[in-house]
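Participant: build me a model:
(one chain, ligands or ions: 1)
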Amino acid sequence: MSAGPVLDVRGLSVRIGRHGLLHDLTFSIRSGERVGLIGESGSGKSLTSVALLGLLPEGARVTGSVRLAGVAHDVVGAGERAMAKVRGNDVSMVFQEPMTALNPTMRVGAQVAETILIHGGRGRRPEAGRGAVRERVVTLLDQVGLPTPAELARAYPHQLSGGQRQRVVVAIALANDPELLVCDEPTTALDVTVQAKVLDLIVRGVEARRAALLLVTHDLPVVATACERVLVMYGGRIVEAGAVAEVFTRPRHRYTEGLLGASDLESAPRGKPLSTIPGSVPPAGAFPEGCVFRTRCAHATTECAVQPPWSSADPGHGHACVHPAGVAP
Ligand SMILES: Nc1ncnc2c1ncn2[C@@H]1O[C@H](COP(=O)(O)OP(=O)(O)OP(=O)(O)O)[C@@H](O)[C@H]1O
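Facilitator: As a prediction, the model looks like this:
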């Protein structure tokens, strides 16, 4: 691997419709580095991760640059054909819900094999004959801790537990030894008893390959355990970045302080609401007590019972809130 970063993001901004959702993101990840991306719901973590793989929804307007080591072109502006060669080879992704990542009609072993055969081209696996591929599938399923991997390779996704399915997804993501693995809440949908095990195998998987990891999560203790560096997002911006030990003990940004205060990192009571800071929101008490605002977000128009003072989560969601009478605040 070259000495430069595996991932170099500069001035990345994303707009969907009238909403600016990501603003001027600049960060990089070095080879073998494990970086956490944290922030409240709607702060832009998932959009950031899919932007790195060129998987933003249609109609998204993207500016800036996303460069991956070993890839000649910029991800921003690259066509689908070019990105299909990059995904699964240079960069892979593990999403939250394994069932949506797997094909329900295909045996899991065949899905791992398909990744090796389709994405593992470009001379990376000259040994990719049928027998060699079958052997590699079993090895990969074994590496992610699946019992009797040769048998399990013949199972369909619905015959596996949620934890086993996510292990298969991790095996697929690591099959071609990507330089960068992006995981978006990879353990959130799993039973708590298997969350730590799946996280552990992700960390061991990237370590064994000297790959870099970008781990998107709400879970600060997970970042403290798995990552060396952390990026803190708020309202589509990176508001703080640094070594985990530094950011988690001496946060510089008030929002990071709030996140830390709301987490159970320092034995804060579970279920405590996230601390917020005032952003571009109306002043507290600007609306009558008990007022139910309409909240328009980029996804849909929904009723939402945000009481004054407003939560700073709203600007992060791109919400434009109006008074029920239709008066803009
Ligand atoms: N396809 C889309 N069209 C329009 N707006 C979108 C789309 N996807 C996401 N957004 C908006 O972009 C903002 C950031 O969303 P994103 O999913 O990245 O947040 P997040 O930090 O990952 O939240 P969570 O932790 O809840 O997954 C939100 O305001 C969201 O409503």
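Participant: from here on, just use CA atoms for contacts and neighbour counts.
Facilitator: Will do.
Participant: confidence score at the closest residue in space to V168 that isn't next to it in sequence?
Facilitator: Of all residues not flanking V168 in the chain, L141 sits nearest, at 6.7 Å (CA to CA, 6 or more residues apart in numbering). L141 is assigned 96 on the pLDDT scale.
Participant: so where do the strands sit in the stretch 101-250 of the chain?
Facilitator: Ranges of strands in the stretch 101-250 of the chain, per DSSP state E, counting those that start in this stretch, are 180-184, 212-216, 229-234, 237-243.
Participant: now the last one and strand 229-234, what's the angle there?
Facilitator: To tie it back to what came earlier, the one meant is strand 237-243. In terms of direction (axes from the mean of the first three to the mean of the last three CA atoms, to 10 degrees), strand 237-243 departs from strand 229-234 by 160 degrees.
Participant: residues of the stretch 51-200 of the chain that sit close to the ligand?
Facilitator: P57 (CA under 6 Å from any ligand atom).
Participant: pLDDT below threshold where in the stretch 51-200 of the chain?
Facilitator: By pLDDT under 70, the weakly predicted segments of the stretch 51-200 of the chain are 119-128.
Participant: same question, the stretch 201-329 of the chain
Facilitator: For the stretch 201-329 of the chain (pLDDT under 70), the answer is 264-329.
Participant: G42 is in contact with G235, correct?
Facilitator: Yes. Using CA atoms under 8 Å, G235 makes contact with G42 at a distance of 7.4 Å.
Participant: more neighbours: the two, which one.
Facilitator: A direct count of neighbours by other CA atoms under 10 Å for G235 and G42 places G235 higher, at 26 against 20.
Participant: list phi and psi for the more buried one.
Facilitator: Dihedral pair for G235: phi 60, psi 40, per degrees, to the nearest 10.
Participant: then H253?
Facilitator: Per degrees, to the nearest 10, the backbone of H253 is at phi -100, psi 140.
Participant: what about T225, neighbour count?
Facilitator: Per other CA under 10 Å, the neighbour tally for T225 reads 12.
Participant: next: G79.
Facilitator: Other residues within reach of G79, judged by other CA under 10 Å, total 10.
Participant: for L181, see how far away whichever residue of the stretch 51-200 of the chain sits closest to the ligand is.
Facilitator: Here the stretch 51-200 of the chain gets closest to the ligand at one residue, P57, 5.3 Å apart by CA to the nearest ligand atom. Here P57 is placed at a distance of 20 Å from L181 (CA to CA, to the nearest Å).
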